[in-house]
Each structure stands twice: as C-alpha cells, then as structure tokens.
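K.L.:
quick one, structure for this:
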Amino acid sequence: MADKNSPSLLTLSVELIFRILDNLHESTILFSMHNVCAQLNTTTDAYHRYQAFTTLGLTNNHIGADGAQRVAETLRNNTTITTLKLGGNQLGDKGAQYLAYALRNNTTVTTLHLSTNQIGDEGVQYLADVLRNNTSLATLDLEYNKISDLGAKHLADALRNNTTLTTLDLTSNDIGDKGAECMADALRNNTTLTTLDLTSNDIGDKGAECMADALRNNTTLTTLYLQYNRIQDKGAQHLADALRNNTTLIELDLFKNNIGNEGAQHLADVLGVNTTLTRLDVFLNPIQDGLRIHVEELVARNNLKAKS
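P.N.:
Predicted coordinates for the structure are as follows:
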C-alpha cells in the first residue's frame, strides 16, 4: 500500500520541478510532463526550455501510429513547436490521420516532414482536408510514401483553396501522368506554392504537357523538380513553349529523363527568349555533349544577367 505521506511532484516547489526538467530529454517533457494536469501544465509552460522548443525531431524512431497519436495530443495545446520531423517512423495512414486532426486546431506548426512513412492515398486525404483550412503550414514533405494519382488529386483539390503552403515535396511516390495533371490543375489557381518537387513519379510527356499548360498561367511557382521521370522530347517541347511567356520560374530540374537532342534544342531555343530561368539541369539525358554544354552556357548567361 502506498505511503500517504510519499512526496508528489505537485507538492514540490517550482524551482525543484525546474531542476528535474533540466535533466529530462525534450521529448520526455513534451509527452510525459505536459498535459498531466492543469497545475503541472502551468509550471511546464513557464519552464525556459519548454518555451524554446521550436523543433521536435523524431526521425527514424519507428514510433508508429501509436507514437503519432501521442505527438498529436501534444500538438493540440502546444504553441511553440514550428517544425515537426517525423520521417522514417512507419506512421501509415492511421498516424497521418492522428496528425491531421491535431493540425486542425494547431496554428504554430509551419514545417511538417513525413517522408518514408508508408502513407497512402487515405492518409494523404486526411492531410489534404486539413490544408483546406490550415493557415500556418508552409512546408509539407511527403517523400518516399505510397501516394498515387488519387492522393495527388486530394492534395490538388486542397491547394485550390490553401493560401499558406509554399513547398510541397512528393519525391518518389507514384502519381504518374494523371497525378501530374491534377497538380497542374491546382497550379492554375494556387497563388502561394513556390516549390513543387515531383522527382521520380513516373511522369511522362503527358504529365509534362499538363505542367507546361499550368506554367503558362501560374505566376508564383519558382522551382519545379521533374528529375528521374520518363519525359522525352515531346514533353521537353511543351515545357519549352510554356517558358516563352513564363517569367516566374527560376529553376527547372529535368535531370535523368529521356530527353534527346530534339527536346534539348527546344529548351536551348527558348533560353534565347526567357531570361529568368537561372537553373536548368538536363544532365544524364541522351543529349549530345555539345548541345548539352550549349544549354548550360545559356543558363549561365541568365545567371550573370540575374546577378548584374
């Protein structure tokens, strides 16, 4: 039987509780000391280290959906964390759901890293629903998950209304041409996204054509990553045609696609007109060295103009 006179954390002085907190890891303070009771919350809120918690890094800890639930419970009341790093944690769709619910009310998290978490279209739908109304999240990293064209559609639908997200990373998913078309449709109306990463997503000429159509009207996107896809000459031509009038895009990455001399020539021709593109990577495409070097020289010229 417990001793009725045994000390309780709540009976200790604030100074002594602070000393205890000094020896605890940040995650222990966030998950075990906070949200125990109102009195302890008040003490923890006043603790200087807690007030300085802006980044919660739990990358590669295999916390799973249960761990995501604990993180979500912490986020509901936390007002200091701005960056959440949860990559490589096997969160799955359920974990994404927990986090999405927490972000409905949280107004401080601006950066969310969820790479390599086995999140599929269902999990992305939960996150997309949050993006419709969330007014703080600026960066969403969903690299190396299991997102198909359906998940891309969920995100695209949300981006039509979202006014805060500036960076979306979908590297190494499987959205394909249909998913690229969905993202392109969103870019026609979205006015805040500046960086879109679609690296390694099985995007071909049709997807490139859709992205090109969006670039004709979009005036906010500055960086578009399309490397490690299967874009060929026709896709490169569509992108080049769009760049004749686009004056916003600064960086276009086409590294390791299947663009040949014909596509490279279209890109070289447009660089005679477009002076805002300062980075264009066509390396590891089947392009003759002389033509590839010519494209690189034209890009370098734009760089010099931008700096002058």
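
K.L.:
contacts and neighbour counts: CA atoms only from here.
P.N.:
OK.

K.L.:
how close does residue 204 sit to residue 220?
P.N.:
Using Cα to Cα, to the nearest Å, residue 204 is found at 24 Å from residue 220.

K.L.:
same thing with residue 203?
P.N.:
According to Cα to Cα, residue 203 and residue 220 sit 22 Å apart.

K.L.:
over to residue 278?
P.N.:
Taken as Cα to Cα, the span from residue 278 to residue 220 is 16 Å.

K.L.:
residues near residue 259, how many?
P.N.:
24 (other Cα atoms under 10 Å).

K.L.:
in this structure, which spans are strands?
P.N.:
Along the chain, counting by DSSP state E, strands occupy 55-57, 83-85, 111-113, 139-141, 167-169, 195-197, 223-225, 251-253, 279-281.

K.L.:
got these as JSON lines, with mean pLDDT, mean neighbour count and distance to residue 208 columns?
P.N.:
Putting the strands of the chain into JSON lines (pLDDT from 0 to 100; neighbours: other Cα atoms under 10 Å; distance: least, Cα to Cα, whole Å) gives the following:
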{"stretch": "strand 55-57", "mean pLDDT": "89", "mean neighbour count": "15", "distance to residue 208": "35"}
{"stretch": "strand 83-85", "mean pLDDT": "97", "mean neighbour count": "19", "distance to residue 208": "31"}
{"stretch": "strand 111-113", "mean pLDDT": "99", "mean neighbour count": "20", "distance to residue 208": "26"}
{"stretch": "strand 139-141", "mean pLDDT": "99", "mean neighbour count": "20", "distance to residue 208": "22"}
{"stretch": "strand 167-169", "mean pLDDT": "99", "mean neighbour count": "20", "distance to residue 208": "17"}
{"stretch": "strand 195-197", "mean pLDDT": "99", "mean neighbour count": "20", "distance to residue 208": "13"}
{"stretch": "strand 223-225", "mean pLDDT": "99", "mean neighbour count": "21", "distance to residue 208": "11"}
{"stretch": "strand 251-253", "mean pLDDT": "99", "mean neighbour count": "19", "distance to residue 208": "12"}
{"stretch": "strand 279-281", "mean pLDDT": "98", "mean neighbour count": "19", "distance to residue 208": "15"}
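
K.L.:
adding distance to residue 184, write these out as JSON lines.
P.N.:
Putting the strands of the chain into JSON lines (distance: least, Cα to Cα, whole Å) gives the following:
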{"stretch": "strand 55-57", "distance to residue 184": "32"}
{"stretch": "strand 83-85", "distance to residue 184": "28"}
{"stretch": "strand 111-113", "distance to residue 184": "23"}
{"stretch": "strand 139-141", "distance to residue 184": "18"}
{"stretch": "strand 167-169", "distance to residue 184": "13"}
{"stretch": "strand 195-197", "distance to residue 184": "10"}
{"stretch": "strand 223-225", "distance to residue 184": "11"}
{"stretch": "strand 251-253", "distance to residue 184": "15"}
{"stretch": "strand 279-281", "distance to residue 184": "20"}
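
K.L.:
residue 104: which of those is closest?
P.N.:
Smallest distance to residue 104 across the strands of the chain (Cα to Cα): 13.7 Å, for strand 111-113.

K.L.:
neighbouring strands of that closest one in the sheet, and parallel or not?
P.N.:
Strand 111-113 has the following strand partners under DSSP bridges: strand 83-85 (parallel), strand 139-141 (parallel).

K.L.:
just the residues contacting that strand, thanks.
P.N.:
Strand 111-113 is contacted from outside by 82, 83, 84, 85, 86, 87, 137, 138, 139, 140, 141, 142, using Cα atoms under 8 Å, 6 or more residues apart in numbering.
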